[in-house]
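Colleague: turn this into a model:
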Amino acid sequence: MTPSTSPALPYVDFATFLQRHFPGQKVQKITLTAGFSCPTRDGSMGKGGCTYCNNKSFSPNYATKLKSITEQIDEGIAFFRRKYPEMKYLAYFQSYTNTYGEVEDCIAKYEEALRHEDVVGLIIGTRPDCMPQPLLDYLEQLSKHTFLLVEYGVESTCDRSLERIQRGHSYQTSVETIERTHAAGILVGAHLILGLPGESREEMLQHADRLSQLPITTLKIHQLQIIRGTIMAGEYQRDPSDFHLFTEEEYIDLIVDFVRRLRPDIVLERFVSQSPPALLLAPRWGWKNHEFTAKIRKALTATPQEPRE
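Modeller: Below you'll find the model as predicted:
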């Protein structure tokens with residue numbers, strides 16, 4: 001199913017995308033921690049992880065390695081069910097690299113999630129250099145009878161940025177893995193960080209041009225955040241002049257230009273992210289995510305002559 005833009009917006013949002021796959025049904029993601037690691041953490045490609053990453057900044061309390069997949073799903077459902085008793089759920093394997101392990105172990109965790117009566121599909125977050133062919137073959141078959149989205153952390157289309165943040169793979173690796181996954185009939189998502197150190201505004205906008213050439217269905221974008229406990233936090237504290245952290249207004253202007261260069265059928269799941277205040281060094285913006293999204297939508301629907309608030 002190919003999404004098309006809503007008359008009210010110059011892009012497809014994730015809620016609309018889900019409505020088309022699950023008509024008449026409320027569907028919500030439940031974030032899971034499956035206990036996997038990453039090749040840049042366990043020593044196979046390096047140690048310390050990507051320089052920007054502190055997993056505590058995006059993992060909810062109920063998603064913990066100490067609990068089974070089923071327990072995490074049950075706790076997530078309990079949180080939402082008070083308001084939406086008829087809701088169904090997508091099991092979102094988010095933390096770290098969720099295809100990085102023994103293939104049999106990965107499959108066992110996916111299938112445990114799918115055995116839950118309220119789970120109607122999977123979203124698997126991973127790295128483009130961590131998709132072995134046997135696992136992709138399994139996912140190809142799985143996608144024929146359940147909703148499946150594989151989300152790859154591309155982060156940048158500039159190889160020098162990927163090297164600087166210790167990503168451990170090139171952009172070409174992302175290209176090849178996204179194309180291989182799409183060829184298997186699987187929905188593909190990408191994740192991108194805007195504002196990595198050393199990237200110019202035009203280079204960031206070129207990410208939109210390059211990603212538009214790939215067979216991705218969804219895209220998550222967020223601003224660079226400096227998170228306590230990361231390698232990047234140390235770099236920032238030693239030399240903050242090496243980083244350009246956007247103001248709210250600058251970031252909205254960038255997003256507007258970025259979206260206008262992006263292929264219009266790509267589903268935009270998010271524009272910003274907010275880490276817990278206790279972990280966030282910078283930038284400290286005053287707006288909540290929904291307020292930011294509302295301002296971006298208003299800016300995107302304004303004609304070039306109209307001033308933006």
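
Colleague: for the closest residue to residue 30 other than its chain neighbours, give me the backbone phi and psi.
Modeller: Excluding its sequence neighbours, the residue lying closest to residue 30 (CB to CB, 6 or more residues apart in numbering) is residue 76, at 3.6 Å. C-betas here are computed from N, CA, C, even on glycine. The phi/psi pair for residue 76 (degrees, to the nearest 10) reads phi -60, psi -40.

Colleague: okay, now residue 76: neighbour count?
Modeller: As a burial measure, residue 76 scores 22 neighbours (other CB atoms under 10 Å).

Colleague: over to the one 5 residues further on?
Modeller: Burial of residue 81, expressed as a neighbour count using other CB under 10 Å, amounts to 14.

Colleague: was I right about it contacting residue 87?
Modeller: Yes: with contact defined as CB atoms under 8 Å, residue 81 and residue 87 form a contacting pair (6.7 Å).

Colleague: helices along the protein, start to end?
Modeller: For the chain, the helices defined by DSSP state H cover 14-21, 69-81, 103-114, 133-142, 159-164, 171-183, 201-212, 231-238, 248-261, 289-301.

Colleague: okay, the residue nearest to residue 30 and residue 119: tell me how far apart.
Modeller: Noted for residue 76: a distance of 10 Å to residue 119, by CB to CB, to the nearest Å.

Colleague: over to residue 111?
Modeller: In this view, residue 111 and residue 119 are 11 Å apart by CB to CB.

Colleague: now do residue 28
Modeller: Residue 28 is 11 Å from residue 119, by CB to CB.

Colleague: can you list residues touching both of those two?
Modeller: Taking CB atoms under 8 Å, 6 or more residues apart in numbering as the contact rule, residue 28 and residue 119 both touch 88-90.

Colleague: about what we covered before: which one's more surrounded, residue 111 and residue 119?
Modeller: Set side by side, residue 111 and residue 119 show more neighbours around residue 119, with 21 against 13, by other CB under 10 Å.

Colleague: run through the residues that contact the more buried one.
Modeller: 30, 73, 88-91, 113.

Colleague: which two from those end up farthest apart in space?
Modeller: Within the contacts of residue 119, 88 and 113 form the most distant pair, 12.8 Å apart (CB to CB).

Colleague: quick one, which of these two is more surrounded?
Modeller: residue 113 (22 against 16).

Colleague: excluding chain neighbours, what is closest to the more buried one?
Modeller: Residue 113 sits nearest to residue 91 (CB to CB, 6+ apart), 3.7 Å away.

Colleague: from residue 146, how far out is the one you found?
Modeller: Distance from residue 91 to residue 146, by CB to CB: 10 Å.

Colleague: just to revisit the earlier point, okay, and the common contacts of residue 76 and residue 119?
Modeller: Any residue near both residue 76 and residue 119 by CB under 8 Å, 6+ apart counts here, and that gives 30, 89.

Colleague: quick one: which of residue 91 and residue 146 has more around it?
Modeller: Using other CB under 10 Å as the criterion, residue 91 and residue 146 rank with residue 91 on top: 27 against 13.

Colleague: so that one sits against residue 116, correct?
Modeller: Yes: between residue 91 and residue 116 there is a contact at 7.5 Å, judged by CB under 8 Å.

Colleague: mean pLDDT per helix and strand in this protein: which one sits at the bottom?
Modeller: One helix or strand of the chain scores below all others by mean pLDDT, DSSP states H and E: helix 289-301, with a mean of 88.

Colleague: counting contacts, what elements does it pack onto?
Modeller: Secondary-structure packing of helix 289-301 (3 or more CB pairs under 8 Å, 6 or more residues apart in numbering; DSSP states H and E): helix 248-261.

Colleague: sounds good, over and out.
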